[in-house]
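Colleague: What follows is a predicted structure for the sequence shown.
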Amino acid sequence: MKKVSIFNIKGGVAKTTSTANLGACLSKQNKKVLLVDLDPQSNLTKLFKAYSMDDLSVSDVLLDKDLDIHKVIKKTDFENIEIIPSNVALAFTEKKILLDVNRSQQNRLAKALAKINDEYDYCLIDCPPSLNMITVNSLCASDEVFVPVKIDKFALDGLEYLLESIQEIKEEFNPNLNFKGCFITMDTATTVNKVIKKELKNLLGDKMFNTTIKQNVKVIESTFDECPVVFGNKKARASINYRDLCKEVF
């Protein structure tokens with residue numbers, strides 16, 4: 001099972017949308033996909049209609065080392081896609097992890113996912129927009145990191161810090177971690193976009209993916225339909241972009 005973190009310390013860059021749609025693209029290639037929602041906002045969980053305050057969630061996976069992870073995984077309405085859901089309890093989980101000095105804190109998710117390594121082809125992890133212990137667990141569990149970038153005035157702010165943080169986690173905890181690259185989301189053909197794309201290419205070189213995800217209202221509509229856009233509207237521009245991105249990165 002290849003494990004990939006979709007990560008940026010900034011919010012609103014389409015991490016959840018990208019996790020859902022890349023997972024959907026892989027599932028259409030007959031790959032068995034496990035999605036992991038590590039964001040307390042639980043938008044990925046809600047998109048796949050898996051939200052519940054009463055069921056087990058990713059919080060339990062991180063806090064209970066004896067938990068059978070199969071009890072947490074939920075089926076979705078889509079063939080080949082299953083999900084480890086999140087709920088608001090995750091907002092309090094980091095503090096509990098940090099207070100528990102009897103277990104290592106960084107590799108809890110890695111150990112849990114190792115138990116199901118042979119059951120899926122891909123595991124895509126939707127990270128929260130911050131570098132905290134929850135995110136560290138994701139990066140310690142992952143083989144690769146993809147960073148979605150939305151171009152605005154502050155697009156480059158924090159990017160170097162983010163890349164340094166990934167490198168530190170690679171050196172300290174997970175030597176197998178590979179920063180695969182960045183891709184642009186909500187892309188528009190403006191002068192500002194062209195300038196910042198050039199700056200990103202200069203900064204990242206071949207770590208800048210060629211495929212960009214164009215701004216597309218169909219993506220927003222798909223969230224209301226609780227269905228990834230690549231399933232709900234195959235001809236939408238964003239659907240085509242995500243299929244192309246999937247071919248490029250996988």
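Modeller: Right, received. Where do you want to start?

Colleague: alpha carbons only for contacts and neighbour counts from here, please
Modeller: Will do.

Colleague: Show me the strands in this structure, by range?
Modeller: 2-6, 33-37, 74-75, 81-84, 122-126, 144-150, 178-185 (DSSP state E).

Colleague: Now do the worst-scoring helix or strand of the chain on mean pLDDT: distance to the chain's middle.
Modeller: Within the chain, judged by mean pLDDT, DSSP states H and E, the helix or strand with the poorest mean is helix 217-224; its value is a mean of 81. Put simply, helix 217-224 sits 18 Å off its chain's centre (C-alpha atoms, centre = their mean, to the nearest Å).

Colleague: so can I have CSV of the strands of the chain showing distance to Leu200, mean pLDDT and mean neighbour count?
Modeller: CSV is the format used below for the strands of the chain (distance: least, C-alpha to C-alpha, whole Å; pLDDT from 0 to 100; neighbours: other C-alpha atoms under 10 Å):
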stretch, distance to Leu200, mean pLDDT, mean neighbour count
strand 2-6, 18, 97, 23
strand 33-37, 28, 98, 26
strand 74-75, 38, 96, 18
strand 81-84, 33, 98, 24
strand 122-126, 23, 98, 26
strand 144-150, 10, 95, 23
strand 178-185, 9, 94, 20
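
Colleague: Make CSV out of these and add distance to Glu171.
Modeller: Listed next are those as CSV, based on distance: least, C-alpha to C-alpha, whole Å:
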stretch, distance to Glu171
strand 2-6, 17
strand 33-37, 24
strand 74-75, 34
strand 81-84, 28
strand 122-126, 21
strand 144-150, 14
strand 178-185, 11
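
Colleague: Quick one: closest of these to Val230.
Modeller: Val230 lies closest to strand 81-84 among the strands of the chain, at 13.5 Å (C-alpha to C-alpha).

Colleague: Show me what that closest one is packed against.
Modeller: Under the contact criterion of 3 or more C-alpha pairs under 8 Å, 6 or more residues apart in numbering; DSSP states H and E, strand 81-84 touches helix 15-28, strand 33-37, strand 74-75.

Colleague: Tell me which of these sits nearest to Ala50.
Modeller: Taking those one by one with C-alpha to C-alpha, strand 74-75 is closest: 7.0 Å.

Colleague: Show me what the closest one pairs with in its sheet, parallel or antiparallel.
Modeller: strand 81-84 (antiparallel) (DSSP bridges).

Colleague: Could you list the residues in contact with the partner strand?
Modeller: 23-24, 27, 32-37, 45, 50, 57-58, 72-76 (C-alpha atoms under 8 Å, 6 or more residues apart in numbering).

Colleague: Which of the helices and strands packed on strand 81-84 sits closest to Leu63?
Modeller: If we rank the helices and strands packed on strand 81-84 by C-alpha to C-alpha, the stretch that ends up nearest is strand 33-37, at 15.3 Å.

Colleague: Restrict the closest one to CA atoms and write it as PDB.
Modeller: Output of strand 33-37 as PDB, limited to C-alpha atoms (Å, rounded to 0.1, in the frame of the first residue of the first chain):
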ATOM      1  CA  VAL A  33      -8.200   3.000  -2.000                       C
ATOM      2  CA  LEU A  34      -8.200   3.900   1.700                       C
ATOM      3  CA  LEU A  35      -8.800   7.600   2.500                       C
ATOM      4  CA  VAL A  36      -7.800   8.900   6.000                       C
ATOM      5  CA  ASP A  37      -9.400  12.100   7.200                       C
END
